[in-house]
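Engineer: Give me coordinates for this.
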Amino acid sequence: HHHSQDPEAVGRKILELGTAAEFHYLSYGDEIGLPAVRADDPAALAEFRAFLKAAGVTPEALGLAGEDQVKPLQSLSAAVAVQIGVIPAERRDASVDRTLKRLYWHSSRFRAHKGIEQFAAKTRRLRELLGAEANTSANLGGMHPFYWVHQSSFIEAFRHNAMTLAWTEDYDYCQPEASRLVAEFLAGYLKCGARYNGQRMMMYCMPHYAGQSPEHLLQNAVLELGQNVKDLDWFSIPPDGFTTENYVNCRGGLPTFRVMRRVSDMAAAVEDWLEPARPVDAAVALLLSEASDVWEVGGQGQGAVQPGSEPTNAFQEERKSTYYALRHAGFRVDLVTEQDVREGRLSAHRALYVGGENMERATAAALADWVAAGGVLYASAGAARKDEYDEPLDALDAVLGRGARTDYARYRGPLRCKIELPFLRPLDTVTAAGGASFPALATRERFLAAADAEVLARFADGTPAAVCRRHGKGRAYYVGVMPAEAWVKKALQMPK
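Structural biologist: Numbers count the residues shown, from 1 in each chain. Prediction:
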């Protein structure tokens, strides 16, 4: 059933029709978000304060005088904070920014918690009416413009059974992405969320022609099936006389229909094995971070990423490019969250790649223990230099063998491999001990190397660019640049 957020009405209608045995899922909507939490709602206010108490967060830790000032902050704005009574209008000291960021972080966590809780209640009610085989879902979409999706929707919603059928769409043929592996990367978010409770995954595999080539369509289908997607949906395939988008043009579109038939034949040949199959853990993992997602855009959302802006998607772009490089090197890669790290789930993986500026303090402590026990950690420019409040973090410095930052050229604004990346000029050159070199693109961090770290590569002026350090039974690597951007750019056809 598309689309309703009233499981009571839908469930009773299905029972009335006598079709419960055939009912597969209820969609809550198309590309929906979580509901807002109002600061003037007494019930929500009480829940927010209880949420903070359960986490051990006091008003004093937020820089507030008392509980009366503790209210959910919907935007990172001093004006809004004054308006709802969080801070007095006359407060102008330097601690305001610290208070707002701390409160905003917890407000965003509470909003996700509350929204997930509400949808989980709807899901439970639908299953009470129709049975455990009835699923709930939503087409999460959310890939535009950077394939930088919300963990709360793609992962946490399924971890906590807010929905039970993980569903998104590839829609990559018209996006400026480096690799067709972006469809696999996107499905990896869903796989990360669905694995906790063994939920089913569905993808809109878009056949749009003209636009999507038949070869690309076939590759996307195989990549998505390989990520444990069980249901491929061709979405919309009428001729262009019936719609202005989402069609397969009858002029030249026959090869696309042949590929759809081919994929269906392939699925039929292996479905007896594919249907019960479950993915095994990969040796290599790539870290996702809600703290980085919030603060790399300045707490403003991805719409704030504009040419020259401080908010940037550059670290997510490096994360994607690192994924592509690892896949091209022959490694399977699992996406993992910071909560996975804290819960000890990294024990299933041998190596972890980290590429975001922010990391929760508790995650950094758990990572240090994991490396000491034998894990291999890789971190790129600026990684884990700040915590969940966007405050300085040095918890991993000793592990990584890096000292203080001495200079930081941070990329600003949007970074897309087929728009901005081809025009980037090198900030420096990184040369390894063996003589191989590559350009430092987008971001460069100069840093001091720890006394017990091995310098693996240097910048043109001889200062450390990459270091390695043994930590307990494990090893950690730190690179002060974004190597995957250089790797991707080398593969692109550059403008002359």
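Engineer: was I right about Ala366 contacting Gln339?
Structural biologist: No - counting by C-beta atoms under 8 Å, Ala366 sits too far from Gln339 to count as a contact (10.0 Å). C-betas here are computed from N, CA, C, even on glycine.
Engineer: pLDDT at the nearest residue to Glu275 once chain neighbours are set aside, what is it?
Structural biologist: Leaving aside its sequence neighbours, Glu275 sits nearest to Lys230 (C-beta to C-beta, 6 or more residues apart in numbering; 6.6 Å). Here the pLDDT value assigned to Lys230 is 95.
Engineer: Contacts only, for Lys230.
Structural biologist: Contact partners of Lys230, counting by C-beta atoms under 8 Å, 6 or more residues apart in numbering, are Arg200, Met201, Met202, Leu274, Glu275.
Engineer: taking the residues you listed one by one, which sit in strands?
Structural biologist: Of those, the ones assigned to strands by DSSP state E are Arg200, Met201, Met202.
Engineer: Spatially nearest residue to the last one (excluding sequence neighbours)?
Structural biologist: Which is Met202. Among residues not flanking Met202 along the chain, Asp231 sits closest, at 3.9 Å (C-beta to C-beta, 6+ apart).
Engineer: quick one: contacts for that neighbour?
Structural biologist: Shown in contact with Asp231 (C-beta under 8 Å, 6+ apart): Arg200, Met201, Met202, Met203.
Engineer: quick one, phi/psi of it?
Structural biologist: Dihedral pair for Asp231: phi -120, psi 120, per degrees, to the nearest 10.
Engineer: still on that earlier bit, please pick the buried ones from the ones in strands among the contacts of Lys230.
Structural biologist: Arg200, Met201, Met202 (16 or more other C-beta atoms under 10 Å).
Engineer: my read: the last one touches Leu165, true?
Structural biologist: Yes - because the distance of 6.0 Å satisfies C-beta under 8 Å, Met202 is recorded as touching Leu165.
Engineer: Now list whatever residues contact both of the two.
Structural biologist: Common neighbours of Met202 and Leu165 are listed as Ser137 (criterion: C-beta under 8 Å, 6+ apart).
Engineer: ok, back up a step: ok, of the contacts of Lys230, which one's closest to Gly435?
Structural biologist: Of all those, Gly435 sits closest to Met201, with 45.4 Å by C-beta to C-beta.
Engineer: Could you list everything the closest one pairs with in the sheet?
Structural biologist: Here Met201 sits in beta bridges with Ala166, as judged by DSSP bridges.
Engineer: surely it meets Leu225?
Structural biologist: No - with contact defined as C-beta under 8 Å, Met201 does not reach Leu225; the gap is 9.9 Å.
Engineer: Quick one: distance of the lengthiest helix in the chain to the chain centre.
Structural biologist: Using DSSP state H to define each element, the chain has its longest helix at helix 95-130. From the chain centre to the centre of helix 95-130 is a distance of 17 Å (C-alpha atoms, centre = their mean, to the nearest Å).
Engineer: so what does that helix touch, helix or strand wise?
Structural biologist: In terms of contacts (3 or more C-beta pairs under 8 Å, 6 or more residues apart in numbering; DSSP states H and E), helix 95-130 is packed against helix 7-17, strand 25-30, helix 42-54, helix 59-62, helix 78-83, strand 135-139, helix 290-295.
Engineer: thinking again about what came up before, which of the contacts of Asp231 lies closest to Val86?
Structural biologist: Met201 (40.6 Å).
Engineer: mind checking how far that closest one is from Leu223?
Structural biologist: Separation of Met201 from Leu223 (C-beta to C-beta, to the nearest Å): 13 Å.
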